[in-house]
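A.B. asks: predicted model, plus sequence, below.
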Amino acid sequence: TVFRAAGAREVLELGAGHGRDALYFACAGFFVLATDFSPVGLEQLREAAAARGVAERVGTAVHDVRDPLPLADASVDAVYAHMLLCMALTTEEIHALVGEVRRVLRPGGTFVYTVRHTGDAHYRAGAGHGDDIWEHGGFAVHFFPRGLVDRLAEGWRLHEVHPFEEGDLPRRLWRVTQTV
């Protein structure tokens with residue numbers, strides 16, 4: 001993985017949900033701090049980690065990403081966020097969150113995130129809430145134009161913006177890799 005190549009030992013996952021990716025990282029040998037807004041999802045993650053024998057590699061913390069991260073400056077090797085930044089967050093909130101990610105990453109630390117982009121079939125479908133946020137089927141998504149990715153990478157080293165598809169629609173996403 002990108003994190004292993006960068007020499008990372010611990011990964012902070014933002015918006016871990018039920019822990020699919022946190023479990024993957026823990027099983028691959030990383031220490032993971034999984035954060036999410038939902039204590040229920042994190043409890044399910046702890047149970048799944050225990051069942052897989054990796055409970056000692058997984059920590060959890062209930063956290064709202066609109067608040068500062070509950071970590072010290074330069075305290076983690078890597079940060080991962082799958083589709084978290086494209087939740088119904090304003091552009092201002094996204095910039096603040098990326099600033100927090102930068103604050104907690106050690107020098108040379110890696111941030112990998114995925115977001116749905118404006119080439120996605122649901123972009124401009126449903127109810128528009130402004131700021132490229134569109135609600136379809138009761139779920140609001142902040143769709144990312146490429147310019148937003150570039151602005152979020154200012155002051156970082158942007159390594160890759162990789163397009164991929166996921167799910168039945170399929171959702172169209174970018175996987176962005178950048179380092180401090």
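C.D. replies: Right, received. Where do you want to start? Numbers count the residues shown, from 1 in each chain.

A.B. asks: elements contacting whichever strand or helix holds residue 159?
C.D. replies: Element membership for residue 159 (DSSP states H and E) is strand 157-166. Counting contacts by 3 or more C-beta pairs under 8 Å, 6 or more residues apart in numbering; DSSP states H and E, strand 157-166 is packed against helix 146-152, strand 171-179. Using the backbone N, CA and C atoms, a C-beta is placed for each residue, glycine as well.

A.B. asks: at 6 Å instead, please
C.D. replies: Contacts defined by 3 or more C-beta pairs under 6 Å, 6 or more residues apart in numbering; DSSP states H and E place strand 157-166 against strand 171-179.

A.B. asks: now residue 152: closest residue in space, sequence neighbours ignored.
C.D. replies: Excluding the flanking residues, the one nearest residue 152 by C-beta to C-beta, 6 or more residues apart in numbering is residue 98, at 5.0 Å.

A.B. asks: now do the SS call for that neighbour.
C.D. replies: Taking DSSP: H, G, I helix; E, B strand; the rest coil as the rule, one finds residue 98 in the helix state.

A.B. asks: and it, what's its pLDDT?
C.D. replies: In this model, residue 98 is scored at 98, pLDDT.

A.B. asks: returning to that earlier point: parallel or antiparallel, list what pairs with the strand holding residue 159.
C.D. replies: Strand 157-166 has the following strand partners under DSSP bridges: strand 171-179 (antiparallel).
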